[in-house]
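J.: the following block contains a protein sequence and its predicted model.
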Protein chains: 2
Amino acid sequence: MVMIPLPLHHQDTSEFSPVDPSDPTLVHRGEGGAEVRRSILPGGVRVLTEAMPGQRSTTVGFWVPVGSRDEQAGHYGSTHFLEHLLFKGTATRTALDIAQAFDEVGGESNAATAKESTCYYARVLDSDVPMAMEVIADMVTSAVLDPFELEQERGVIIEELNMDADDATEVVHEHFVAKVLAGHPLGRPIGGTPEEIREITREAVLEHYERHYRPSELIVTAAGSLEHDQICSMVLTALADAGWDLDPLAVPEARRSAEPATIESTGGLEVINRPVEQANIIVGCVGITGHDPRRHTLAVLNAVLGGGMSSRLFQEVREKRGLAYSTYSFSATYSDAGYFGMYAGCSPAKAGEVIGLLGAELDRMAAEGITDEELRKAKGQLAGGTVLALEDPGSRMSRLGRAEMVTGEFQDIDESLQRVQAVSAADVQALAAELAARPRTTTVVGPFENVAALGLGG
Amino acid sequence: MVMIPLPLHHQDTSEFSPVDPSDPTLVHRGEGGAEVRRSILPGGVRVLTEAMPGQRSTTVGFWVPVGSRDEQAGHYGSTHFLEHLLFKGTATRTALDIAQAFDEVGGESNAATAKESTCYYARVLDSDVPMAMEVIADMVTSAVLDPFELEQERGVIIEELNMDADDATEVVHEHFVAKVLAGHPLGRPIGGTPEEIREITREAVLEHYERHYRPSELIVTAAGSLEHDQICSMVLTALADAGWDLDPLAVPEARRSAEPATIESTGGLEVINRPVEQANIIVGCVGITGHDPRRHTLAVLNAVLGGGMSSRLFQEVREKRGLAYSTYSFSATYSDAGYFGMYAGCSPAKAGEVIGLLGAELDRMAAEGITDEELRKAKGQLAGGTVLALEDPGSRMSRLGRAEMVTGEFQDIDESLQRVQAVSAADVQALAAELAARPRTTTVVGPFENVAALGLGG
């Protein structure tokens, strides 16, 4: 784990985005009075907000840029375990106090552990933002990790893992990612395994908490009905009250390198035998990183191949042949690795045929490219979908957090859409060709005793 | 199936809600310029809209108040089958045309078949509303139900049912509802069974379409960025172009009686053996109807018993004992029947204990009632949650449709919240006592060969 100081423009917001020299926190001014602002607080805490006029609610998120990939052997599952334990009580609040604080105002509060980050968030009416800030800050700074509560929570987490284990779609995704990322830490399951959770010690979780929850890595984002300065002041007060060391000279630290990892994926076929009605299938390969400029090309590729009812996969697998209810393509991009896949759920008797169809569609795009009409429609789809998604304050809150963590720069919607507009049909074909040439991983969950039972020819 | 003409005030919007005598379509004027309007078009078509200033998107829904409960023997599954076929082509549009129309603007379009209604809806940017209206109206009026497409779609629907059959949580809910509603048509699964779908004929689906998709039962609702008169004019033009008979004298028809059905539920225990990791458990009973004035009391009861992280079930089952990841209470209210239940997913070895805990919490509320503090917090939760939910145009679009179908009257948020405020702790205890005294149905899906394997005492 290497800590990389961010380049200077991350600490100096007027250089970061010189919208108005007299207004140094302003990063972007959008239509209808929307404003994105960014401040660095003492301790190096970053705060990014997006004010959305007309909203009555605010969504707030505290991001710690540490995820399951950062765990060492013996600590697998500790990031997600810690996430659960932050809700179980602090020096001044019981678990019930925390739960009641959000419930009694009708707010939504939850957390999400991912492979490269953990986020604690809440959506509340704007008048309840001070409460939400205070409670989440208390959880992030002052959780007690009570030993008795930890034992109770161990059982809850094992039930959460068992619930996922009963979901064949979840299982096929997890096995696919593990296989395609071939030993890279991003390939491990986020929550750990039930065995790992049974064995993890309080010391391991506590060490994780003390090492990673600190000001220079913390990012707070908020979107909706808000004022930037008020949010900054609430964050600062809450962290200072908790006794965090807020050195005025501290600067933010970025955790990740942008250097792509070498993934030695050999591809291949893996069959997981489960007594289910549907075969769940993924065919895919290593993808691109979150820093790769081709991510806009990948968005277009996904839209054409498997992004909606008019996509090629939906048309070929569902509409023309009636083989599946659900079929789509997907991708994930992380700091130094990524993956790409095509999914379908079908009758076990048709699994061999569907595996062939999924692969053939990627090969066809690699060989023949896409039409101008498909390109035009995919761009329309991405443009409209982006604008629709961003009517939700939760999406905007997440976008601020992810942008700050992954690329360290905010990209306004028009700028993103311009990059999408710049994608050509040749770009898409070139990327499809690259993906099609990579070792191909096929993962199947279904009632198959062995690979032969799939009935694949040849 | 009896058609009941609505009382006069449903046809005369100035009586329906005399907000302003000079503005007869206005039903409600909310804060920030929000307006609910209702018009009856020729043919008896009802149009309800809610303008939400500041939004850029609009959600539009076409409601046909016919659901799976209205199906006759031999036609089971036809409502849902028809819903799928409406996307498969009209006299002037192929399935691909329909899919592309929404995809290329990044819109979301889908449909939902329920037990008492079917809704076709789309969320698009406001500039794309004319397209959305035209396409959905075309689907509702002019689907061709092509025999070849129908055969393809038969396979897709069977895959959809298989997907649900692989979801133990889905399975436990479906079996619970069938058992607790004891032979009432609301107890049948919405999509039919794979056997029924294999056997259904085009004639059955066509008959369903021709009989039920007609102006005097159609309700169109929209929320977001819109103008009421424009929406009305688009609907009228689209229906007239499709050749629908739009008699200027026709009046809307309501399908349902408000008379509660007699449900002869005897309760009991049903165990469905599945090779899964988690036992999925529901304990519940017959509930109340959507016309029952106690529905606000039921909302408070659910909030206290199983509505959030601070609820009794969450605290007793998850926080104190670590037995489950997911536990909650729920209820459904239909025109003449309803049900109430408590859910938990837990380790199979703990199923007996969890069944006992769920039942005990209902009994305790029946015997001891709730505290004033719980009452106060539940009301806060419902108030905040309602306001947050209604920031989403989709929720508002649905609320207009459901209100019109179920009670025939629009209730503004303040009015709903006032009714919740009026609920007393004694009301909640009385309802809990009534539910606790009803025959209790317990449904379990898990790795149990028989009832004895559950290890229930006594």
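T.: Right, received. Where do you want to start?
J.: quick check: the gap between the residue of the stretch 301-450 of chain A found nearest chain B and A:Gly307.
T.: For the stretch 301-450 of chain A, the residue closest to chain B is A:Gly384, as judged by CB to the nearest CB, at 2.3 Å. In this view, the C-beta of every residue, glycine as well, is placed from N, C-alpha and C. Per CB to CB, to the nearest Å, A:Gly384 is found 12 Å from A:Gly307.
J.: again with A:Gly380
T.: Look at A:Gly380 and A:Gly307: by CB to CB, they are 12 Å apart.
J.: between these two, who's got more neighbours?
T.: Comparing A:Gly380 with A:Gly307 by neighbour count (other CB atoms under 10 Å in any protein chain shown), the higher total belongs to A:Gly307, at 24 against 18.
J.: break down the stretch 51-200 of chain A into its helices, ranges please.
T.: Secondary structure of the stretch 51-200 of chain A (DSSP state H, counting those that start in this stretch): helices located at A:78-85, A:95-103, A:129-142, A:147-165, A:168-180, A:194-199.
J.: now for the ones you listed, which one comes closest to A:Gln421?
T.: Nearest of the helices of the stretch 51-200 of chain A to A:Gln421, taken as CB to CB: helix A:168-180 at 30.5 Å.
J.: the residue lying closest to A:Leu313 once chain neighbours are set aside: neighbouring residues, count only.
T.: Nearest residue to A:Leu313 in three dimensions, chain neighbours excluded: A:Gly306, at 4.0 Å (CB to CB, 6 or more residues apart in numbering or on different chains). A:Gly306 has 24 neighbouring residues, counting by other CB under 10 Å.
J.: quick check on A:Gly306: phi, psi?
T.: phi -150, psi 40 (degrees, to the nearest 10).
J.: correct me if wrong: it contacts A:Thr327.
T.: Yes - if you go by CB atoms under 8 Å, A:Gly306 and A:Thr327 touch, sitting 6.8 Å apart.
J.: just the pLDDT for A:Ala242.
T.: Looking at A:Ala242, its pLDDT reads 89.
J.: next up, the contacts around it.
T.: A:Ala137, A:Asp138, A:Thr141, A:Ser142 (CB atoms under 8 Å, 6 or more residues apart in numbering or on different chains).
J.: can I get those in CSV including pLDDT and distance to chain B?
T.: Below are the contacts of A:Ala242 laid out as CSV (pLDDT from 0 to 100; distance: CB to the nearest CB, whole Å):
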residue, pLDDT, distance to chain B
A:Ala137, 97, 18
A:Asp138, 97, 16
A:Thr141, 97, 20
A:Ser142, 97, 19
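J.: how about whichever residue of the stretch 101-250 of chain A sits closest to chain B, nearest residue that isn't a chain neighbour?
T.: Distance from chain B to each residue of the stretch 101-250 of chain A (CB to the nearest CB) is smallest for A:Gly106, at 2.2 Å. Of all residues not flanking A:Gly106 in the chain, B:Gly384 sits nearest, at 2.2 Å (CB to CB, 6+ apart).
J.: do the same with A:Ser225
T.: Using CB to CB, 6+ apart and skipping residues adjacent in sequence, the residue nearest A:Ser225 is A:Asp126, 3.9 Å away.
J.: ok, the one you found touching A:Arg56?
T.: Yes - contact between A:Asp126 and A:Arg56 holds when scored by CB under 8 Å: they sit 6.2 Å apart.
J.: just how off-centre is the helix or strand hosting A:Ala344 within its chain?
T.: Per DSSP states H and E: A:Ala344 is located in strand A:338-346. Offset of strand A:338-346 from its chain centre (CA atoms, centre = their mean, to the nearest Å): 17 Å.
J.: tilt between it and helix B:147-165?
T.: 110 degrees (axes from the mean of the first three to the mean of the last three CA atoms, to 10 degrees).
J.: indicate whether strand A:338-346 makes contact with chain B.
T.: Yes - using CB under 8 Å from any CB of the partner chain, strand A:338-346 reaches chain B at A:Gly345, A:Cys346.
J.: which positions in the stretch 1-150 of chain A make contact with chain B?
T.: By CB under 8 Å from any CB, the residues of the stretch 1-150 of chain A that approach chain B are A:32, A:53-57, A:87, A:95-96, A:98-100, A:102-109, A:123-125, A:128.
J.: now, those residues that are in strands?
T.: A:Ser57, A:Glu108, A:Ser109, A:Arg123, A:Val124, A:Leu125 (DSSP state E).
J.: isn't the first one right up against A:Ser225?
T.: In this case it means A:Ser57. Yes - here A:Ser57 reaches A:Ser225: they are 6.5 Å apart, a contact under CB under 8 Å.
J.: more neighbours, these two?
T.: Higher neighbour count among A:Ser57 and A:Ser225: A:Ser57, with 24 against 19, using other CB under 10 Å.
J.: next, count neighbours for A:Ala433.
T.: Neighbours around A:Ala433, by other CB under 10 Å: 15.
J.: how many neighbours does the spatially closest residue to A:Thr221 that is not a sequence neighbour have?
T.: In space, and not counting its chain neighbours, A:Thr221 is closest to A:Leu400: 4.0 Å by CB to CB, 6+ apart. Other residues lying near A:Leu400 total 27 when counted by other CB under 10 Å.
J.: secondary structure element for A:Leu400?
T.: helix A:393-406.
J.: can you check what angle separates the following helix or strand past that helix from helix A:393-406?
T.: Sequence-wise, the next helix or strand downstream of helix A:393-406 (DSSP H and E) is helix A:413-421. For helix A:413-421 against helix A:393-406, the angle by the same axes, to 10 degrees is 70 degrees.
J.: many thanks, have a good one.
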